[in-house]
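> this one's structure only:
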């Protein structure tokens, strides 16, 4: 038995193909990005080593900090939206008829490509014929803004689309975690006279705190690398007002032929994502999953 | 006694009002989530005069299915559609097969580094694609795989392996060892054990991972946008993005194009929603 199950050749045969693929296409590139970040390089011609100059420039680059600020705003609002998603999931976990159907309806946007969603929202936000402004005009708003073309509104318009896109995803994650809570625990609390709100806040939420932590990391890291929707909706505009780290990186590396500088931004993004993951892990260390 | 009944009735009345309010809120959220797609469907069947002149909430006066025929014939949508199918299916098969091999070796076989290797695969889940894009581009450029479907198939496979292994390993861990032990007692080799006994037992979870991978690959944008330049190899997501550029003002055509790209997913969801929900939650809750 043990002999067959610890057959070294078979283990190598089973693990190596996938391992080589992920090593070559995921791990090696991470280090190369850090290395390219130290080059003056257009991505096509010769590289010349310039040490940490790109990284030093990054720290002084207003455009980078501006895009980082937008990424952080997106991460912050996405994290706050989790409270709303959790509230909806808690309501659905009560005795609500049709809750499964509702959950599935909420999920549909998550299944569509960001390109389709972006195109759809471009039309919704269209100043003249879009659904939103037609609705606002119907309710008597005289001059509704051109949402995606106005510096003050563009970021919030995009963030709303993001919240719309991911609502169902987080709701089903919370719902499936809530379904895992044994009924006896809830019944016992009810017999002790706890009302639904107390049960939700003092029993259900603490019991799924591990999952809440996971979603927090997903929301923050997901926001930091958010790209498709913004790229299609505004390309970071107008005039950089909706630029995020990922779109700034893409622009520098693949549009402006600054592959060295783009790599430095990509590396900063990686460090930021890992750093935030560790921070959230540490801050929520006590929030481990309960075993029933 | 009578006061007691009265408060009880009051309480029930309040409860009913509260419940009704909850339903109203839940229904409004459902409408917000779904109505944009209904609106898209409506304008995909309208002409410009109706879109720009009429109420955006009205049903199409005349259902112009010809919008769909026109965009399908006008551009390369058929080609993009085929490319999406081809790339998605190839990458899904490769991913699920490779991930099954790895998961079997890690969860069922005995070796010292198994937990460490699992961790190595899992870390891949946290890596932002943007942090690897420039080196990947250079790598494919050197191998002459830029503007070649293999570059995106390999990328999809590598980047979906962590999640797929994560979902599979939960299921593999719950499999009983007795059948495997009995098979080995009877002299079954390790490869036969994997292909003829363990792999067939994991069909349900494989279906889940296939669906999740299909959704992700079908909708993928940045790899195709970066590595593929010719219309011959573009997938639907990137293809429609460029295609729509030609139809700045023809909303009917744009709507029809978008509908064509999302209908396959909506059909899949209609039939497989439970599996999709299962896969999405398995991926996130175990993370």
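Looks like it came in fine. None of the values given here were measured: they were computed from a predicted structure.

> now the residue nearest the centre of chain A: how far from residue A:79?
By CA atoms, centre = their mean, chain A has its centre lying nearest to residue A:222, at 2.1 Å. Distance, residue A:222 to residue A:79, using CB to CB, to the nearest Å: 10 Å. C-beta coordinates here come from the backbone N, C-alpha and C atoms, glycine included.

> Now do the same contact list for residue B:243.
B:71, B:75-77, B:80, B:257 (CB atoms under 8 Å, 6 or more residues apart in numbering or on different chains).

> That one: which element?
Residue B:243 belongs to helix B:236-245 when elements are defined using DSSP states H and E.

> what's the answer for residue B:59, then?
Residue B:59 belongs to no helix or strand, assigned by DSSP H and E.

> how many other residues sit next to it?
Residue B:59 has 10 neighbouring residues, counting by other CB atoms under 10 Å in any protein chain shown.

> in chain B, which spans are helices?
Listed in chain order, the helices of chain B (DSSP state H) span B:2-43, B:48-53, B:66-74, B:77-107, B:114-123, B:133-142, B:149-174, B:178-185, B:190-192, B:199-201, B:203-219, B:222-227, B:236-245, B:251-286.

> now for the fourth one, which elements pack on it?
Packed against helix B:77-107 by the contact rule (3 or more CB pairs under 8 Å, 6 or more residues apart in numbering or on different chains; DSSP states H and E) you find helix A:8-22, helix B:114-123, helix B:149-174, helix B:203-219, helix B:236-245, helix B:251-286.

> These into JSON lines, with extra columns for mean pLDDT and distance to residue B:48?
Converted to JSON lines, these look like this (pLDDT from 0 to 100; distance: least, CB to CB, whole Å):
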{"stretch": "helix A:8-22", "mean pLDDT": "94", "distance to residue B:48": "48"}
{"stretch": "helix B:114-123", "mean pLDDT": "91", "distance to residue B:48": "51"}
{"stretch": "helix B:149-174", "mean pLDDT": "93", "distance to residue B:48": "35"}
{"stretch": "helix B:203-219", "mean pLDDT": "91", "distance to residue B:48": "29"}
{"stretch": "helix B:236-245", "mean pLDDT": "86", "distance to residue B:48": "15"}
{"stretch": "helix B:251-286", "mean pLDDT": "85", "distance to residue B:48": "7"}
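
> Tell me which of the helices of chain B sits nearest to residue A:230.
helix B:222-227 (11.7 Å; CB to CB).

> where does chain A have low pLDDT?
A:1, A:286-292 (pLDDT under 70).

> what's near enough to touch residue B:80?
Per CB under 8 Å, 6+ apart, neighbours of residue B:80: B:231, B:234-236, B:238-240, B:243.

> just to revisit the earlier point, tell me which of the contacts of residue B:243 is nearest to residue A:59?
Among the contacts of residue B:243, and counting by CB to CB, the member closest to residue A:59 is residue B:80, at 41.9 Å.

> How many residues are close by the spatially closest residue to the closest one that is not a sequence neighbour?
In space, residue B:80 comes closest to residue B:239 once its chain neighbours are excluded; the distance is 3.4 Å by CB to CB, 6 or more residues apart in numbering or on different chains. By other CB under 10 Å, 25 other residues sit near residue B:239.

> Same check on residue A:129?
Residue A:129 has 17 nearby residues by other CB under 10 Å.
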